[in-house]
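In: Structure here, sequence nowhere to be found:
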């Protein structure tokens, strides 16, 4: 096993090709250990060079709604009236503390995500 840090895109591509070859290696074998280490090195390189930003509050709500097969009308009791739900989801009105409390409990989204600031649409 000849493993070294991934410093360049070429190193990254070589590591991906190698991991593809040994991906199904049995655990606790030299190839399995190599696959484990390569996975960590690749993950580290990707986190640095291809970071994925967390969704904003409204995007998080929409994602969770989709996961739970919810419609806008399902948020009426949590956010307010039908028009208020529409205003919030279309970023025409900010979330209030009460809305955040209700959404946190029902949608199981962290309050830390929902309290993030975001720009309203004019």
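Out: That came in fine, so what should we check first? Note that the coordinates shown come from a computational prediction; the quantities given were computed from them, not determined experimentally.
In: and after the helix or strand harbouring residue 61, which helix or strand comes next?
Out: Using DSSP states H and E, residue 61 sits within helix 57-67. Counting by DSSP H and E, the next helix or strand C-terminal to helix 57-67 is helix 76-79.
In: Quick check: closest non-adjacent residue to the spatially most central residue of the chain.
Out: Nearest to the geometric centre of the chain sits residue 54, at 5.1 Å (CA atoms, centre = their mean). Residue nearest to residue 54 in three dimensions, not counting chain neighbours: residue 113, with 7.0 Å by CB to CB, 6 or more residues apart in numbering. Where you see a C-beta, it was placed from the backbone N, CA and C, and this is true even at glycine.
In: I'd say that neighbour and residue 63 touch.
Out: No - in this structure, residue 113 is not within contact of residue 63 by CB atoms under 8 Å, at 10.3 Å.
In: Those two - which one has more neighbours?
Out: Of the pair residue 113 and residue 63, residue 113 is the one with more neighbours under other CB atoms under 10 Å, namely 18 against 13.
In: got a list of what the more buried one touches?
Out: 54, 55, 57, 60 (CB atoms under 8 Å, 6 or more residues apart in numbering).
In: Ok, residue 102 next?
Out: Residue 102 neighbours (CB under 8 Å, 6+ apart): 77, 78, 79.
In: Of the residues you listed, keep whichever come out buried.
Out: In those, burial by neighbour count holds for 78, 79, counting by 16 or more other CB atoms under 10 Å.
In: Which one of the contacts of residue 102 is nearest to residue 121?
Out: residue 79 (16.8 Å; CB to CB).
In: Can you name the residues that contact that closest one?
Out: Counted by CB under 8 Å, 6+ apart, residue 79 has contacts 85, 88, 95, 99, 102, 103.
In: measure the last one to residue 8 for me?
Out: When CB to CB, to the nearest Å is applied, the distance between residue 103 and residue 8 equals 44 Å.
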